[in-house]
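Asks: just to be clear, the model below is a prediction. Sequence and coordinates:
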Amino acid sequence: MLLARLDRAVDGLSTLSGLLGGLALLAALAVVVVDVVGRAFGAPLYGARDIVQMAGVFVVFGGMAVCHRRGGHIAVDLLENVFGAGLNRFLLVLGEVLGAAVFALIAWQVWEAAKLALLLKMSTNLLYLPRGPFLYAMLGFSAVTALSMLLRAIRHALGAPISKPEGAA
């Protein structure tokens, strides 16, 4: 019951992070188009690089959780047919736990960096966009991805069926 509720919450959060990442990608695309067209007329968009760099936080880390939830990460299954079902399940759970640990570590380190960025009032070079809020967004996206991986590890450890991602052979 609790696991199902957590699963629905993480589904919602990962969908939201993917949506934010998609919107950031569209915004970055629009900025690049305006900048390139402006350069053709001798008037590039001031601060385009700052905007695209900060949008990259949402594009990359916002897409991680939704990619994981949909099974979109690269998986190599060269030895899957050689190993037994129990060892395959153990390796799958181990991989999810290690992935969750990596994203939890990223979240923790970004949290430390965000506190420092706020303390030092760090900002981008041209538009002076504060870096702290973008780092906190990265922290949130990383935490959602870590939680998603941990929940999948728990489900598989409890015996959930192992399914292939969409499009897998």
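Replies: Structure received.
Asks: quick check: next helix or strand after whichever helix or strand Gly95 is part of?
Replies: Here Gly95 is covered by helix 85-119, with elements defined by DSSP states H and E. The helix or strand immediately downstream of helix 85-119 is helix 131-157, counting by DSSP H and E.
Asks: and that following helix, what does it pack onto?
Replies: helix 2-40, helix 48-69, helix 85-119 (3 or more CB pairs under 8 Å, 6 or more residues apart in numbering; DSSP states H and E). For every residue, glycine as well, the C-beta is placed using N, CA and C.
Asks: and the closest residue in space to Pro44 that isn't next to it in sequence, how close does it get to Leu126?
Replies: In space, and not counting its chain neighbours, Pro44 is closest to Gly38: 4.8 Å by CB to CB, 6 or more residues apart in numbering. Here the criterion is CB to CB, to the nearest Å. By it, Gly38 lies 15 Å from Leu126.
Asks: go on, Ala114?
Replies: Ala114 sits 21 Å away from Leu126, going by CB to CB.
Asks: what about these two, which has more around it?
Replies: Remark: of Ala114 and Leu126, Ala114 carries more neighbours, 20 against 12, as counted by other CB atoms under 10 Å.
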